[in-house]
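Asks: give the three-dimensional model of this entry:
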Amino acid sequence: MRKIDVTDHIDKIPFGRFQWSVVALCALLLIVDGYDVFVAGTVLPRLIQEWGLTKPQAGALQAWALFGMMFGALILGPLADRIGRKKGIAISFLLFTVSTLLTGFAETPAQFKVFRFIAGLGCGGLMPNAVALMNEYAPKRLRSTMVALMFSGYSVGGMVAAILGIWVIPAHGWQPMFFVAVLPLMLLPVILWKLPESLGFLIREGHQDKARAILAKVDPALELRAADELSYREAKGGSTSMAELFRNRRLLPTLMLWSAFFCCLLLVYLLSSWLPKVLQEAGYAERASLLNLFGLNFGGMAGAILGGRLGDRFGLPKVVVGFFIAAAASIALIGSTPPDLVLFALVFVAGATTIGTQILLYASVAQLYPLSVRSTGLGWASGVGRIGAIVGPTFGGLLLAQQYPLQQNFLLFAIPAVICALAMMVFGIATSRQTTAPEPVAT
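Replies: Okay, the predicted model is just below:
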């Protein structure tokens with residue numbers, strides 16, 4: 001009988017077709033997730049007009065989906081550590097696609113809030129589970145790159161929302177922007193059929209046959225026998241309680257990550273919710289303002305892929321700190337009302353270093369925690385970040401209602417990026433000094 005450590009085996013073999021299929025499926029899920037998140041920003045100016053909302057009321061309207069994301073991350077992330085990543089992803093996907101579809105039928109702000117809250121539950125649960133699953137199937141040498149590549153689907157979803165908004169909203173109103181959710185809903189059977197379960201979860205639950213079947217797909221050259229026993233480093237190495245996040249000198253890194261998540265998501269949702277409206281009020285046309293929302297997400301995709309590659313080479317903390325410094329500078333300069341091309345370039349950089357860096361933060365969390373609490377760690381970091389996401393649109397609405405000069409608004413918008421850079425600098429120092437004992441190997 002052979003004993004095969006799945007973690008070591010995946011680290012040694014080439015990144016193959018099966019693992020690329022996991023990247024593609026998770027990226028597809030996050031395209032839908034990103035669309036759901038950013039579609040709200042595309043319809044916000046029209047909702048203000050049709051329902052007679054003030055800016056603070058509009059910001060609060062956006063916040064309901066973000067409340068849902070916070071609870072979804074805190075509930076569905078840890079739940080997946082117990083029932084499996086695949087079930088957690090399926091539940092999350094079903095929640096937000098059905099609720100997004102129903103949002104198009106909302107006739108009052110109250111109905112809109114309810115549907116967006118439920119959609120937020122699903123969005124919040126999907127992200128940590130998709131990151132944890134991708135982190136497990138990627139070898140250590142490519143982990144940041146593959147997680148970032150998978151997560152770039154989130155930015156693609158935002159780009160799709162912006163492009164559809166340019167074409168659909170002026171001609172057909174805001175409702176069809178939510179009706180398109182019926183298309184991804186039809187993908188659920190394919191996801192359940194093709195998406196693999198977590199190998200670590202299967203081994204931890206004693207499903208050796210299922211784990212061997214998946215490993216055979218990961219590495220077709222490996223000749224597995226029924227007597228072979230698979231183990232997964234960390235699979236039985238600790239509890240799944242929240243307290244585990246702070247053990248083994250993880251207290252300071254955890255708190256710094258939470259601070260960075262809070263401020264980063266505050267920025268992401270502040271910009272995605274209010275950028276089109278602010279640019280329209282600054283004199284840019286509706287089409288140009290939505291095109292800049294596209295640029296924000298296009299930058300997010302490029303920043304995630306570039307940052308993941310640089311992170312694998314130089315270390316994620318250094319790259320993340322540099323990105324946040326660039327974010328502060330680009331956001332501050334947007335308020336100077338530059339020409340269209342310069343504005344698009346600044347928004348592109350802002351997207352690369354906020355949305356893109358958010359994705360790198362998820363990769364940082366996945367690498368900090370052992371398997372037994374990885375979804376829990378991702379869920380809590382994401383949940384704390386969602387508090388910032390709730391504050392972002394609400395803060396933006398209150399700030400813009402004060403009618404400060406545009407330059408002053410964007411200088412204030414840049415402050416959270418500075419805080420993120422400082423937090424991740426401390427995180428990098430703390431993790432470089434970590435002397436955590438190795439997690440036991442399950443046999």
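Asks: how about low-confidence regions in the stretch 251-400 of the chain?
Replies: Low-confidence segments of the stretch 251-400 of the chain (pLDDT under 70): 283-290, 371-372, 375.
Asks: where do the helices sit along it?
Replies: Remark: helices assigned in the stretch 251-400 of the chain by DSSP state H, counting those that start in this stretch are 251-281, 286-314, 316-334, 340-368, 374-401.
Asks: and the third one with helix 286-314, angle?
Replies: Okay, so that is helix 316-334. 160 degrees (axes from the mean of the first three to the mean of the last three Cα atoms, to 10 degrees).
Asks: what residues of helix 316-334 count as buried?
Replies: Within helix 316-334, the residues that count as buried by 16 or more other Cβ atoms under 10 Å are 316-317, 319-334. Just so you know, the C-beta spots here come from the backbone N, C-alpha and C atoms, and that holds for glycine as well.
Asks: how far does stretch 211-223 sit from the chain's center?
Replies: 30 Å (Cα atoms, centre = their mean, to the nearest Å).
Asks: do the same with stretch 326-337
Replies: So, by Cα atoms, centre = their mean, the centroid of stretch 326-337 is 23 Å from its chain's centroid.
Asks: swap in stretch 136-153?
Replies: Between the centre of stretch 136-153 and the centre of its chain there are 13 Å (Cα atoms, centre = their mean).
Asks: what's the average pLDDT for that stretch?
Replies: Average pLDDT, stretch 136-153: 81.
Asks: what number of residues lie near Ile429?
Replies: As a burial measure, Ile429 scores 13 neighbours (other Cβ atoms under 10 Å).
Asks: list the buried ones in the longest helix along the chain?
Replies: In the chain, taking DSSP state H as the definition, the longest helix is helix 17-51. Neighbour counts using 16+ other Cβ under 10 Å place 18-19, 22-23, 25-48 of helix 17-51 among the buried residues.
Asks: rewinding a little: which one of the helices of the stretch 251-400 of the chain lies nearest to His207?
Replies: When the helices of the stretch 251-400 of the chain are compared by Cβ to Cβ, helix 374-401 sits nearest His207, at 17.9 Å.
Asks: distance from the longest helix of the chain to the middle of the chain?
Replies: For helix 17-51, the distance to the chain centre is 10 Å (Cα atoms, centre = their mean).
Asks: and for stretch 141-155?
Replies: Distance, centroid of stretch 141-155 to centroid of chain: 10 Å (Cα atoms, centre = their mean).
Asks: mind listing what's buried along it?
Replies: Buried, per 16+ other Cβ under 10 Å, within stretch 141-155: 142-155.
Asks: I'd like the residues you listed as CSV, with distance to Gly299 appended.
Replies: What follows is the buried residues of stretch 141-155, written out as CSV (distance: Cβ to Cβ, whole Å):
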residue, distance to Gly299
Leu142, 23
Arg143, 23
Ser144, 18
Thr145, 18
Met146, 20
Val147, 18
Ala148, 14
Leu149, 16
Met150, 18
Phe151, 14
Ser152, 11
Gly153, 15
Tyr154, 13
Ser155, 8
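Asks: in helices only, show me these.
Replies: Per DSSP H, these map to helices at 143-155.
Asks: contacts only, for the residue most central in space within the chain.
Replies: Residue closest to the mean C-alpha point of the chain, counted by Cα atoms, centre = their mean, is Met127 at 5.2 Å. Applying Cβ atoms under 8 Å, 6 or more residues apart in numbering, we find Met127 in contact with Leu30, Asp33, Ala73, Tyr154, Tyr362, Leu378, Ser382.
Asks: likewise Leu29?
Replies: Leu29 makes contact with Ile89, Phe93, Leu126, Ala130, Gly153, Ile191, according to Cβ under 8 Å, 6+ apart.
Asks: tell me which of the helices of the stretch 251-400 of the chain sits nearest to Leu121.
Replies: helix 374-401 (10.8 Å).
Asks: for that closest one, list every residue counted as buried.
Replies: For helix 374-401, a neighbour-count test (16+ other Cβ under 10 Å) marks 374-397, 399-400 as buried.
Asks: for stretch 403-414, same thing?
Replies: For stretch 403-414, by 16+ other Cβ under 10 Å, it's Leu406, Asn409, Phe410, Leu411, Leu412, Phe413, Ala414.
Asks: and what of stretch 342-362?
Replies: 343-362.
Asks: then stretch 50-61?
Replies: Neighbour-count burial for stretch 50-61 [16+ other Cβ under 10 Å]: Leu53, Lys55, Pro56, Ala58, Gly59, Ala60, Leu61.
Asks: just give the number of residues close to Leu224.
Replies: 15.
Asks: part of a strand, is Ile4?
Replies: Yes: assigned with DSSP: H, G, I helix; E, B strand; the rest coil, Ile4 falls within a strand.
Asks: how about the helices in the stretch 101-250 of the chain?
Replies: 109-137, 143-172, 176-179, 182-185, 188-194, 199-204, 208-218.
Asks: got JSON lines for those helices, with distance to Thr103 too?
Replies: Shown next, in JSON lines, are those (distance: least, Cβ to Cβ, whole Å):
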{"stretch": "helix 109-137", "distance to Thr103": "4"}
{"stretch": "helix 143-172", "distance to Thr103": "13"}
{"stretch": "helix 176-179", "distance to Thr103": "4"}
{"stretch": "helix 182-185", "distance to Thr103": "12"}
{"stretch": "helix 188-194", "distance to Thr103": "18"}
{"stretch": "helix 199-204", "distance to Thr103": "33"}
{"stretch": "helix 208-218", "distance to Thr103": "36"}
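Asks: ok, which of these comes nearest Met301?
Replies: Across the helices of the stretch 101-250 of the chain (criterion: Cβ to Cβ), the nearest stretch is helix 143-172, sitting at 3.7 Å.
Asks: so which elements touch that closest one?
Replies: With contacts taken as 3 or more Cβ pairs under 8 Å, 6 or more residues apart in numbering; DSSP states H and E, helix 143-172 sits against helix 17-51, helix 109-137, helix 176-179, helix 286-314, helix 340-368.
Asks: hang on, Leu30 packs against Phe151?
Replies: Yes: the pair Leu30 / Phe151 is scored as a contact, 6.0 Å apart, by Cβ atoms under 8 Å.
Asks: anything in contact with each of those two?
Replies: When Cβ under 8 Å, 6+ apart defines a contact, the residues bordering Leu30 and Phe151 alike are Ala130.
Asks: now the angle between helix 17-51 and the strand or helix carrying Ser99, please.
Replies: Taking DSSP states H and E as the criterion, Ser99 maps to helix 85-103. With the same axes, to 10 degrees defining the directions, helix 85-103 sits at 20 degrees from helix 17-51.
Asks: tell me the buried residues in helix 85-103?
Replies: In helix 85-103, counting by 16+ other Cβ under 10 Å, buried: 85-93, 95-103.
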